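> Take a look and give me a structure for this.
(chains A and B)
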2 protein chains.
Amino acid sequence: MANFELISRLAQDTGGKIVLLVMDGLGGLPREAGGPTELEAASTPNMDRLAQEGSTGLSIPVVRGVAPGSGPAHLALFGYDPIQYEIGRGVLEATGIGLEVLPGDVAIRGNFCTVDENGLITDRRAGRIPTEEGAKRVALLKQIKLPGVETIVEAVQDYRFALILRGAGLNGSIADTDPQVTGKPTLPARALAPEAEATAKLVNQWLDEARKVLKGHEPANMVTLRGFAMEPGLPKYKDVYKLKAACVAVYPMYKGVARLVGMDVIQTDSHDTPADEFRHVARIWNDYDFIFCHIKYTDSRGEDGDFDAKAKVIESVDAALPILLDLKPDVLVITGDHSTPATYKAHSWHPVPTLLWAPKTHMPDRAQAFGERECMTGALGQFPAADLMPLALAHANRLVKYGA
Amino acid sequence: MANFELISRLAQDTGGKIVLLVMDGLGGLPREAGGPTELEAASTPNMDRLAQEGSTGLSIPVVRGVAPGSGPAHLALFGYDPIQYEIGRGVLEATGIGLEVLPGDVAIRGNFCTVDENGLITDRRAGRIPTEEGAKRVALLKQIKLPGVETIVEAVQDYRFALILRGAGLNGSIADTDPQVTGKPTLPARALAPEAEATAKLVNQWLDEARKVLKGHEPANMVTLRGFAMEPGLPKYKDVYKLKAACVAVYPMYKGVARLVGMDVIQTDSHDTPADEFRHVARIWNDYDFIFCHIKYTDSRGEDGDFDAKAKVIESVDAALPILLDLKPDVLVITGDHSTPATYKAHSWHPVPTLLWAPKTHMPDRAQAFGERECMTGALGQFPAADLMPLALAHANRLVKYGA
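Predicted structure coming up:
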């Protein structure tokens, strides 16, 4: 793992332009013994050429053997030790539906539940009401006002919603209000530290109001709150790397994580193809030193267990790649945040194929194509994902020498 | 190095079955330039097939360049940072002859020595008396009783013996009583911390008695005590990994280390062949999630400097391997705890060939056989030995995802 403080100290604000292209869940496994992985099976003439010219390797998202969620996996790609820096559940939920979480905010995951006339929970998920029923109740919750604090409520999916408190002096050290079992009342918000007492009191006011406005709206006539979390106060790209950075992503969660490290989030359309995303990159090219471009559907098709469809997504990225290459980036990194083998239908721990192309500075290796097994013998070896940013900065001549 | 606390947090008690097959001192070196290593020279059709199908790599027992003893080498294989966690010398000596060391015990290495009529040491090793002479004196030492504390004494080899104190409130922070030179008296046991004062006093009582019972039994008419150590209180497999684990080993020391991490130690015969050991594994197969199986003689023949004999031991393991494979383990790891090249006649620091076979989850690589040079291009790369347990757990679906 790179020394983050050291890299921050060495980073300078001059040098080349960097593109970090992340295909979510890129890494895969063979479908049958002796066969190719998704990436190996995909026809990727552009990436294969870049692999022949540049450096390849395999990145370890967190530590060997650990499959990461999207939050820690992206923090690592962004150069932050994903064990030291954590994004709380409430913040991930809120950013995941596109809510902006600002410094000082407390973000919370909410569930609708059913309580009986004595206030005892009879269903912790309110009969799993559909999203549109949840949205109707969220409209009621939006009416609740707290003194001196702004409240933002949005429906997530089914019985879930996100709540953000915004104001001065808030603190998120608060225990979940979900008793985890039926037959008990919802718990009051309880401060886990003295400095959270005032916030807990406000939350309890909000909960009292919620009970009133939801009364009679069975089965979703009460709420529980979980995963209280503060905006994590992550060091920002412009401060640690001296980079003016932007994010081109389609899914809200990745925009949210990028915003938390100080990237500008570029407006996209939720139906954007990889080619569309690359055109966004081209559009903003002159305004940024660093652009993070995120492709979601490799992961989605892996989670579906659809090997061929995942390979097709990779092929569509490869086909669109000339749009990025025409920009002549000084450094182009192509990788994933973790592996999502179609055979596994879930995030896995397998190291992630990585390609670093920087024609003025890269060390060529013997890889002849972009794929797991070619990357095993590459110039970058196997390395912690959090080392990728220092490598990208170095290849862009953005790190000064350490010591005399 | 894996984050041990993180792995403990992610481990779950459901998933596949794991076999960790350790050939002690497996790694080797070519006998002549251009030639094969012991493992490369051995005919191992079964392991070669597993290497073709699964993942290979090289493990670094402690840190690069450091040859480990058996204690730290096995702690690392078991997933414990061998620098953070130490097994004291006295505990290793006692477990090495099959003594059970329990929590709260103080274990000590003893040497017989020769003292003159003034109590000054004339020979620190009592003329290197043979083991049977040592055993006669140990019978005398067994007569010594201490108030409120059980004492266990057993002969080790030649002039060496092991001593265990068992009772409440003992503390092992005690300095060696060997002055390291002749012409001086043996030292009294001296506490290195206030909480060891009472134990030191008991040890001095025992030493006074030892001097009395050994009087006239020249050349071994006194003892020195060294390597005072407490049972190390290592976190246990069932707690950190949620594994019900067993050890099948022939040599006492490996049973002892396995017991210290909470494995059940299976009854074996000291003449058991690898095939016999694998049959023990088969016998207990339904009762455990994890079985550590230890083969001693690869190391012994390496220490002898007998290249061909070491290769023959490896071949006998390979020939017996179908007994293990018939059990259909979900994860089979084949590795060594360190290298013992026959040309070197000692433990060495060279990374150790490692094979991880888990047909549902392994990443195949291009290794065509199990050997040092094939493993260099493998899917596991070079990795700290303590990362092997997280990898094995992951491949058995025994680790949950980190973060959302």
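> Name all residues that make contact with the residue in the stretch 251-400 of chain A positioned nearest to chain B.
Closest to chain B within the stretch 251-400 of chain A is A:Q382: 3.8 Å, counting by C-beta to the nearest C-beta. Using the backbone N, CA and C atoms, a C-beta is placed for each residue, glycine as well. Residues near A:Q382 by C-beta atoms under 8 Å, 6 or more residues apart in numbering or on different chains: A:G57, A:L58, A:S59, A:I60, A:P351, B:G381, B:Q382, B:F383.
> now do A:E93
Taking C-beta under 8 Å, 6+ apart, one finds A:A107, A:R109, A:V156, A:R160, A:A162, A:G227 in contact with A:E93.
> Out of those residues, who's the most crowded?
A:A107 (29 neighbours; other C-beta atoms under 10 Å in any protein chain shown).
> Contacts only, for it.
Applying C-beta under 8 Å, 6+ apart, the residues contacting A:A107 are A:88, A:90-91, A:93-94, A:99, A:101, A:162-164, A:172, A:228-231.
> which among these gets closest to B:P235?
Checking these against B:P235 with C-beta to C-beta, the nearest one is A:G88 at 27.7 Å.
> which residues of the stretch 1-150 of chain A score low on pLDDT?
Along the stretch 1-150 of chain A, the model assigns pLDDT under 70 to residues A:1-2.
> So which residues of it form helices?
A:4-10, A:38-41, A:45-53, A:70-77, A:89-96, A:131-141 (DSSP state H, counting those that start in this stretch).
> Can you tell me what sits against the longest one?
Counting by C-beta under 8 Å, 6+ apart, helix A:131-141 makes contact with A:112, A:153-161, A:163, A:210, A:213-214, A:217, A:220, A:223, all of which sit outside it.
> just to revisit the earlier point, out of the helices of the stretch 1-150 of chain A, which comes closest to B:R279?
That would be helix A:38-41 among these, by C-beta to C-beta, at 40.4 Å.
> With chain B in mind, check whether that closest one reaches it.
No - Helix A:38-41 does not reach chain B (C-beta under 8 Å from any C-beta of the partner chain); its nearest approach is 10.6 Å.
> so who does the closest residue to chain B within the stretch 1-150 of chain A touch?
Nearest residue of the stretch 1-150 of chain A to chain B: A:G65, at 3.1 Å (C-beta to the nearest C-beta). Residues near A:G65 by C-beta under 8 Å, 6+ apart: A:W349, B:A2, B:I7, B:D387, B:M389, B:P390, B:L391, B:A392, B:L393, B:A394, B:L399.
> Count the neighbours of the closest residue to A:T114 other than its chain neighbours for me.
Once flanking residues are discounted, A:T114 sits nearest to A:D123: 4.0 Å by C-beta to C-beta, 6 or more residues apart in numbering or on different chains. As a burial measure, A:D123 scores 18 neighbours (other C-beta under 10 Å).
> cool, A:P147 as well?
7.
> And the closest residue to A:M253 other than its chain neighbours, how close does it get to A:Y254?
Closest residue to A:M253 apart from its sequence neighbours, by C-beta to C-beta, 6+ apart: A:G96 at 4.1 Å. A:G96 sits 9 Å away from A:Y254, going by C-beta to C-beta, to the nearest Å.
> Looking at the two, which has the bigger crowd around it?
A:Y254 (26 against 22).
> what's that one in contact with, if anything?
Counting by C-beta under 8 Å, 6+ apart, the residues that A:Y254 touches are A:D24, A:S70, A:H74, A:C247, A:H294, A:K296.
> Out of the residues you listed, who's the most crowded?
Most surrounded of the contacts of A:Y254: other C-beta under 10 Å gives A:H74, at 29 neighbours.
> check contacts around the closest residue to that one other than its chain neighbours.
Closest residue to A:H74 apart from its sequence neighbours, by C-beta to C-beta, 6+ apart: A:V257 at 4.8 Å. A:V257 makes contacts with A:S70, A:G71, A:H74, A:L75, A:F78, A:I87, A:L92, A:T95, as judged by C-beta under 8 Å, 6+ apart.
> so what pLDDT did the closest residue to the fifth one other than its chain neighbours get?
What it means is A:F78. In this structure, A:F78 finds its nearest non-sequential neighbour in A:V261, 5.3 Å apart by C-beta to C-beta, 6+ apart. Listed pLDDT for A:V261 reads 95.
> doesn't A:Y85 make contact with A:V261?
No - if you go by C-beta atoms under 8 Å, A:V261 and A:Y85 don't touch, sitting 9.5 Å apart.
> hey, what's in contact with both of these two?
With C-beta under 8 Å, 6+ apart, A:V261 and A:Y85 have common neighbours A:L75, A:L234.
> Show the buried residues in the contacts of helix A:131-141.
A:112, A:153-156, A:158-161, A:163, A:210, A:213-214, A:217, A:220, A:223 (16 or more other C-beta atoms under 10 Å in any protein chain shown).
> where do the strands sit along the stretch 301-404 of chain A?
Taking DSSP state E, counting those that start in this stretch as the test, the strands found in the stretch 301-404 of chain A are A:331-335, A:352-357, A:381-384.
> how about the residues of the stretch 201-350 of chain A near chain B?
Of all the residues in the stretch 201-350 of chain A, those lying near chain B are A:T343, A:Y344, A:A346, A:H347, A:S348, A:W349, A:H350, going by C-beta under 8 Å from any C-beta.
> Apply 7 Å and report the result again.
Residues of the stretch 201-350 of chain A lying near chain B by C-beta under 7 Å from any C-beta of the partner chain: A:Y344, A:H347, A:W349, A:H350.
> From these, pick the one nearest A:K142.
A:H347 (34.0 Å).
> coming back round to it: which one is the residue of the stretch 251-400 of chain A closest to chain B nearest to, not counting chain neighbours?
Closest residue in space to A:Q382, ignoring its immediate chain neighbours: B:G381 at 3.8 Å, by C-beta to C-beta, 6+ apart.
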